[in-house]
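Trainee: No letters, just coordinates:
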């Protein structure tokens with residue numbers, strides 16, 4: 001009979017079951033028992049991929065002395081979460097199986113056998129100091145920048161270490177996509193439909209809420225196109241002639257970064273007016289054009305004075321102090337007395353537009369016919385994210401949708417006193 005300690009050392013799946021008390025899925029057992037040096041896991045949300053990564057890291061550190069294991073994630077928060085999974089597993093080990101730690105902090109630990117586990121965000125300055133790495137686990141690899149991936153690979157050259165990429169997919173580009181298509185990488189797919197812990201009812205609800213494109217990416221492990229347009233489809237849009245007059249309203253501005261007279265192809269400023277009632281959304285109009293700095297102020301100020309009195313005014317705030325300075329300037333000089341604030345954008349334009357696209361696909365967004373270019377508006381949304389088409393209207397519409405869906409709360413509407421200030425705030 002093989003000694004249980006020896007079997008635990010050579011079979012991390014056995015060790016996870018017997019010493020950590022895990023009931024592993026077949027794909028998890030396959031991953032843990034594979035001798036391959038390059039592995040790429042294309043797994044749906046809530047599939048247990050981070051748990052597998054934590055098991056691999058801890059097993060390597062305990063049974064192979066002087067090992068260096070790097071846990072790489074897109075952000076500091078995600079790095080901390082993955083490392084916490086490792087430390088939680090460590091604490092579940094019986095006392096007789098748990099090695100002594102000589103270092104233990106929020107992002108790294110060192111054992112008496114010389115092994116180290118270090119968790120890092122995808123920052124090149126923090127990564128380049130490591131060499132002779134025995135195991136790299138790149139969590140949410142599709143979101144890790146390609147240059148970080150390139151900086152990590154040479155660390156395995158001397159040690160001939162193992163590299164594992166784990167992620168839900170994104171676009172058909174980048175190093176995660178390249179690995180998925182390379183014969184040098186062992187591949188594992190685990191979709192939400194394969195996961196017995198997720199019910200069909202839950203998935204049906206997610207498909208409805210997220211839309212087919214995002215659902216395919218997050219739950220069916222499909223790599224989606226990102227340069228051909230197609231986030232929006234023409235037959236999703238519902239044209240109507242009216243909208244509820246007492247609904248919550250927001251005008252969201254995507255102000256041009258490069259204005260008229262600067263550069264060969266100046267940006268557009270676009271402001272989408274949208275309202276919401278009972279989970280339904282109406283796009284009432286979009287004001288759009290290329291303007292000078294004064295022209296932008298004229299457009300935004302005059303539009304605010306014409307919009308219905310309870311309309312919230314929002315503006316996308318670019319990163320850095322200059323973005324805050326711009327919105328502060330508009331608050332002081334153009335939009336005094338209006339329910340106005342700048343909204344700091346997060347994520348890519350594509351990511352910000354995805355929830356809006358899902359609502360359009362679900363039939364929850366109507367476009368109000370009127371004396372504005374609503375047909376061109378639809379054309380440009382359907383072309384997104386083609387780089388040859390300006391994305392100002394997409395950003396403004398997505399901003400308005402996200403603000404109405406998540407940010408405006410009861411009691412936020414401007415008061416009667418504010419309304420009286422509005423009537424005289426713009427000259």
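Mentor: Yep, that arrived. Small disclaimer: the values here were computed from a predicted structure and weren't measured.
Trainee: isn't residue 111 right next to residue 99, touching?
Mentor: Yes: checked against C-beta atoms under 8 Å, the pair residue 111 and residue 99 is within contact range at 4.7 Å. Every C-beta, even on glycine, is put in place using the N, C-alpha and C of the backbone.
Trainee: who's more crowded, those two?
Mentor: Taking other C-beta atoms under 10 Å, residue 111 and residue 99 do not tie; residue 111 has more neighbours (22 against 16).
Trainee: Could you check how far the more buried one is from residue 96?
Mentor: Distance check for residue 111 against residue 96: by C-beta to C-beta, to the nearest Å, it reads 15 Å.
Trainee: ok, back up a step: identify the contacts common to residue 111 and residue 99.
Mentor: Residues touching both residue 111 and residue 99 by C-beta atoms under 8 Å, 6 or more residues apart in numbering: residue 62.
Trainee: Can you tell me the element residue 396 falls in?
Mentor: Assessed by DSSP states H and E, residue 396 sits inside helix 392-402.
Trainee: what helices or strands is that helix leaning on?
Mentor: Under the contact criterion of 3 or more C-beta pairs under 8 Å, 6 or more residues apart in numbering; DSSP states H and E, helix 392-402 touches strand 248-254, strand 269-277, strand 280-289, strand 312-317, helix 349-361, helix 374-383.
Trainee: For my notes, please list those in CSV and give mean pLDDT for each entry.
Mentor: Below are the helices and strands packed on helix 392-402 laid out as CSV (pLDDT from 0 to 100):
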stretch, mean pLDDT
strand 248-254, 95
strand 269-277, 95
strand 280-289, 95
strand 312-317, 93
helix 349-361, 89
helix 374-383, 88
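Trainee: Compare those and give me the one nearest residue 242.
Mentor: With C-beta to C-beta, the closest approach to residue 242 among the helices and strands packed on helix 392-402 belongs to strand 280-289: 8.6 Å.
Trainee: Looking at the helices and strands packed on helix 392-402, which is nearest to residue 202?
Mentor: Closest approach to residue 202 among the helices and strands packed on helix 392-402 (C-beta to C-beta): helix 349-361, 16.0 Å.
Trainee: measure the nearest residue to residue 62 once chain neighbours are set aside to residue 56 for me?
Mentor: Computed as C-beta to C-beta, 6 or more residues apart in numbering, the closest residue to residue 62 that is not its neighbour in sequence is residue 99, at 6.0 Å. Separation of residue 99 from residue 56 (C-beta to C-beta): 17 Å.
Trainee: what do you get for residue 362?
Mentor: 39 Å.
Trainee: More neighbours: the two, which one.
Mentor: Applying other C-beta under 10 Å to residue 362 and residue 56 shows that residue 56 carries more neighbours, namely 22 against 16.
Trainee: now the helix or strand hosting the more buried one: mean pLDDT?
Mentor: Using DSSP H and E, residue 56 sits within helix 49-63. The average pLDDT within helix 49-63 is 91.
Trainee: Now do the strands in the stretch 51-200 of the chain.
Mentor: With DSSP state E, counting those that start in this stretch, the ranges of strands along the stretch 51-200 of the chain come out as 68-73, 101-104, 108-111, 116-121, 135-139, 162-167, 186-190.
Trainee: Rebuild the ones you listed as a markdown table, extending it with distance to residue 367 and mean pLDDT.
Mentor: Shown next, in a markdown table, are the strands of the stretch 51-200 of the chain (distance: least, C-beta to C-beta, whole Å; pLDDT from 0 to 100):
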| stretch | distance to residue 367 | mean pLDDT |
| --- | --- | --- |
| strand 68-73 | 40 | 91 |
| strand 101-104 | 57 | 86 |
| strand 108-111 | 53 | 92 |
| strand 116-121 | 41 | 88 |
| strand 135-139 | 40 | 91 |
| strand 162-167 | 36 | 92 |
| strand 186-190 | 38 | 90 |
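Trainee: Could you export those strands as TSV, including distance to residue 270?
Mentor: Formatted as TSV, these follow (distance: least, C-beta to C-beta, whole Å):
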stretch	distance to residue 270
strand 68-73	35
strand 101-104	52
strand 108-111	47
strand 116-121	34
strand 135-139	37
strand 162-167	33
strand 186-190	40
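Trainee: Residue 42 is nearest to which of these?
Mentor: Among the strands of the stretch 51-200 of the chain, if distance is taken as C-beta to C-beta, the winner is strand 186-190, at 4.9 Å.
Trainee: Could you pull out the buried residues of that closest one?
Mentor: In terms of neighbour count (16 or more other C-beta atoms under 10 Å), strand 186-190 has its buried residues at 186, 188, 189, 190.
Trainee: Pick out whichever of those residues sits closest to residue 378.
Mentor: residue 189 (35.7 Å).
Trainee: Beta-bridge partners for the closest one, please?
Mentor: Per DSSP bridges, the residues bridged to residue 189 are residue 42.
Trainee: need the contact list for it.
Mentor: Applying C-beta under 8 Å, 6+ apart, we find residue 189 in contact with 42, 43, 221.
Trainee: Test my guess that the first one contacts residue 177.
Mentor: Read that as residue 42. No: between residue 42 and residue 177 there is no contact under C-beta under 8 Å: 9.9 Å.
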